[in-house]
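Asks: prediction below, plus the sequence it came from.
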Amino acid sequence: ALFTVGDYLAERLAQIGIRHHFIVPGDYNLILLDKLEAHPALTEVGCTNELNCSLAAEGYARACGVGVCVVTYSVGAFSAFNGIGSAYAENLPVILVSGAPNTNDVDQHLLHHTLGEHDFIYQLEMAKRITCCAVAIRRAAHAPELIDRAIRMALLKRKPVYIEVPTNLSGEACAQPGPISAVVKQMPSDAPALDAAVTGASEFLRAKQKPVILVGPKVRRVGAEKVLLQLVEAIGCAVVLQPAAKGSFPEDHAQFAGIFWGQVSTLAADTIVNWADVLICIGTVFTDYSTVGWTALPSVPQLVADIDSVALANPNMYFSHVQLQDFLVRLAEAVSWNSCTMTEYNRLRPDPALGQASRGQERLTRKEVARQTQLLLTPETTVFTETGDSWFNGIQLCLPAGAEFEIEMQWGHIGWTIPASFGYVLAKPERRTILMTGDGAFQMTAQEVSQMVRCRIPIIILLINNRGYTIEVEIHDGLYNRIQNWNYALLVEAFNSEEGGGRALGLKAHTAEQVSEALKRAIAHKDGPTLIECNIHQDDCSRELITWGHFVAAANSRVPAKDK
Ligand SMILES: Cc1ncc(Cn2nnc(CCOP(=O)(O)OP(=O)(O)O)c2C)c(N)n1
Ligand SMILES: [Mg+2]
């Protein structure tokens, strides 16, 4: 049979480890979808809309390192751009493939799904702004070079890319691909820079007595968790994590000293950061949200190890082209402290199950939901936490060894957990996945629960129904933070159809007793998702949210700087 452009793309996707591709069909991508579906290693996964399609690919990339979504021109791609923004912000290699107009129509005709003008390059231009590489295939002969270039850039930069395929090229003859090693090979560190960075860093650290390691969200994006552990155990110092990095370091480890989030830190992590005389920042990102409205920017001298660079504070030095893994391994070999007084921090750690249990029939509280969630956690659990008060409930969880934690703190698209966990579970079906989400967030992407039903995915959705946009209320309240209340339990059961698929289970809980009953049923329900609507009082939010919201609101409302 003829080997085509579509076959080339399918083969490359399979070779980089893709087993599921997320799609919404449209008449600009149907031939391409046929070619992808024809590949033995690929399974097509339909999504209910392109926002959820791109967010599912983002969640898939969290589980297996790369994801792909295939949409139609303009009407599809414009929605998918939002999930691509998430992938960019979260350093995830997601490949956005969009169908496009027949090459004979370019500059000749007006076409459907377009802006109604003769210009068909606007989408490529837009994609260039939110990806690290955007290509449009105009002739079949260019397809191999363009496809390989885009995929290589996605894997090298850990950023999304864009590939545009005109509807009449997917089925055109194409060269067969050469070895995938040419596409996936990583760039090694520059040896002199690596040596100098390690020497400089060890000198810098030798002069210090109280090091603390601060772990940021980029560590796991480059798979550096294991070498991080080596460095941690070589130095022997306390390790604190930024909130978006939760899950990148074992919380049962003796050196784990909590989540550093300024005044809303856990385990007094902010105290130990203030105690340090040097902060070793690894893959860190300091934003208004992670520094509690700039009130928690560390002031101690720093050694900053980023994805491919190292910076020292004193002397002020910068080393580029130094891969994080290489640097951590070499630094672990170069330093040896083990002089740290870690033991006192173990006493700080609360026993997770110790939380005060509510009596059965009392009105349900946020604290009780958090307590019962904690009791659910096992080494096989993955917790997705949504933008909202769920962030603060999630960050307070004590993760048992092996438990995984996903959060989208940089992009912060409410509703992300539903499609992202759907994509994630298709790549990691063996894990028990639990979502902590809010009523406002759920209303953004609820349709994707129907695909969890269709694919029989037993995700447990803990929906905290506090009647509105509480995280926003705590930043700045107004009528706009009130929303239409839904019958969430009834809604998910509307996705059950006689014609097949699994079954969604929708449960309501108003008391502690009802939550624990619902959780027992959720764990036993394997043939599809279970949504547990946890009804709590509108003002029942975490103390941390109130503190954090206050300082973020202050940062948002700083008056314009006076003209210089
Ligand atoms: C796509 C998107 N649109 C708007 C926002 C702004 N935003 N951030 N949080 C919220 C409210 C979240 O409300 P819920 O999900 O109910 O969460 P909580 O009530 O805080 O538990 C909004 C509206 C956002 N973060 N993402
Ligand atoms: Mg809410």
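Replies: Cool, the structure landed. Ligands and ions are numbered 1, 2, ... in the order given.
Asks: for the rest of this, base every contact and every neighbour count on C-alpha atoms.
Replies: Noted.
Asks: what is the subsequent helix or strand relative to the worst-scoring helix or strand of the chain on mean pLDDT?
Replies: Least confident helix or strand, the chain: helix 343-346 with a mean of 44, by mean pLDDT, DSSP states H and E. Using DSSP states H and E, the helix or strand that follows helix 343-346 in sequence is helix 366-376.
Asks: OK, contacts around the residue of the stretch 101-250 of the chain found nearest ligand 1?
Replies: Here the residue of the stretch 101-250 of the chain nearest ligand 1 is residue 244; by C-alpha to the nearest ligand atom that distance is 15.2 Å. Contact analysis of residue 244 by C-alpha atoms under 8 Å, 6 or more residues apart in numbering lists 216, 217, 290, 407, 408, 409, 410.
Asks: in JSON lines, list those residues along with neighbour count and distance to residue 144.
Replies: Compiled in JSON lines, the contacts of residue 244 are given as follows (neighbours: other C-alpha atoms under 10 Å; distance: C-alpha to C-alpha, whole Å):
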{"residue": "216", "neighbour count": "24", "distance to residue 144": "36"}
{"residue": "217", "neighbour count": "25", "distance to residue 144": "33"}
{"residue": "290", "neighbour count": "23", "distance to residue 144": "41"}
{"residue": "407", "neighbour count": "24", "distance to residue 144": "35"}
{"residue": "408", "neighbour count": "23", "distance to residue 144": "33"}
{"residue": "409", "neighbour count": "21", "distance to residue 144": "36"}
{"residue": "410", "neighbour count": "19", "distance to residue 144": "34"}
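Asks: from those, which are also near ligand 2?
Replies: Near ligand 2, taking C-alpha under 5 Å from the ion as the test, no member of those is found.
Asks: nearest residue to the closest residue to ligand 1 within the stretch 1-150 of the chain in space, please, no chain neighbours.
Replies: Residue of the stretch 1-150 of the chain nearest ligand 1, by C-alpha to the nearest ligand atom: residue 82 (8.6 Å). Leaving aside its sequence neighbours, residue 82 sits nearest to residue 51 (C-alpha to C-alpha, 6 or more residues apart in numbering; 6.4 Å).
Asks: by contact count, what packs against the host helix or strand of that neighbour?
Replies: Under the criterion of DSSP H and E, residue 51 resides in helix 50-64. Judged by 3 or more C-alpha pairs under 8 Å, 6 or more residues apart in numbering; DSSP states H and E, the packing partners of helix 50-64 are strand 20-23, strand 67-71, helix 77-89, strand 94-100, helix 417-427.
Asks: which one of the ones you listed lies closest to residue 156?
Replies: Residue 156 lies closest, by C-alpha to C-alpha, to one member of those: strand 94-100, at 12.1 Å.
Asks: show me what the helix or strand that the closest one is followed by is packed up against.
Replies: Later in the chain than strand 94-100, the nearest helix or strand by DSSP H and E is helix 122-129. Contact here means 3+ C-alpha pairs under 8 Å, 6+ apart; on that basis helix 122-129 packs against strand 133-136, strand 161-166.
Asks: and the pLDDT at the closest residue to residue 306 other than its chain neighbours?
Replies: Leaving aside its chain neighbours, residue 306 sits nearest to residue 283 (4.8 Å; criterion: C-alpha to C-alpha, 6+ apart). Per-residue confidence (pLDDT) for residue 283: 98.
Asks: same check on residue 355?
Replies: On pLDDT, residue 355 comes in at 60.
Asks: ok, now how distant is residue 482 from residue 552?
Replies: 20 Å (C-alpha to C-alpha, to the nearest Å).
Asks: and these two? which has more neighbours close in?
Replies: Neighbours were tallied for residue 482 and for residue 552 using other C-alpha atoms under 10 Å; the higher tally belongs to residue 552 (22 against 14).
Asks: now do the contacts for the more buried one.
Replies: Going by C-alpha under 8 Å, 6+ apart, residue 552 touches 288, 289, 292, 293, 475.
Asks: for ligand 1, what are the nearby residues on the stretch 351-500 of the chain?
Replies: When proximity is defined as C-alpha under 6 Å from any ligand atom, the stretch 351-500 of the chain approaches ligand 1 at 387-390, 412-414, 438-441, 466, 468-472.
Asks: what sits closest to residue 450 if chain neighbours are left out?
Replies: Nearest to residue 450 is residue 495, by C-alpha to C-alpha, 6+ apart, at 5.2 Å.
Asks: as CSV, the helices and strands packed on helix 122-129 with mean pLDDT and distance to ligand 1 would be great.
Replies: Below are these laid out as CSV (pLDDT from 0 to 100; distance: least, C-alpha to the nearest ligand atom, whole Å):
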stretch, mean pLDDT, distance to ligand 1
strand 133-136, 98, 24
strand 161-166, 98, 21
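Asks: show me which residues of the chain sit near ligand 2.
Replies: Counting by C-alpha under 5 Å from the ion, the chain sits next to ligand 2 at 438, 439, 466, 468, 469.
Asks: compare those and tell me which is most surrounded.
Replies: So for these (other C-alpha under 10 Å), the most neighbours sit at residue 438, 29 neighbours.
Asks: what are the phi and psi angles of that residue?
Replies: Main-chain dihedrals, residue 438, degrees, to the nearest 10: phi -110, psi 170.
Asks: distance of residue 228 relative to ligand 2?
Replies: Look at residue 228 and ligand 2: by C-alpha to the ion, to the nearest Å, they are 36 Å apart.
Asks: over to residue 94?
Replies: 29 Å.
Asks: repeat that for residue 423.
Replies: Distance, residue 423 to ligand 2, by C-alpha to the ion: 24 Å.
Asks: list the residues that contact the residue nearest the centre of the chain.
Replies: Closest to where the C-alpha atoms of the chain average out (C-alpha atoms, centre = their mean) is residue 408, at 4.5 Å. For residue 408, the contacting residues are 86, 90, 244, 385, 386, 387, 416, by C-alpha under 8 Å, 6+ apart.
Asks: next, the closest residue in space to the second one that isn't next to it in sequence: secondary structure please.
Replies: For residue 90, the nearest residue in space outside its immediate sequence neighbours is residue 410; the separation is 6.3 Å by C-alpha to C-alpha, 6+ apart. Assigned state for residue 410: coil (three-state reduction, DSSP: H, G, I helix; E, B strand; the rest coil).
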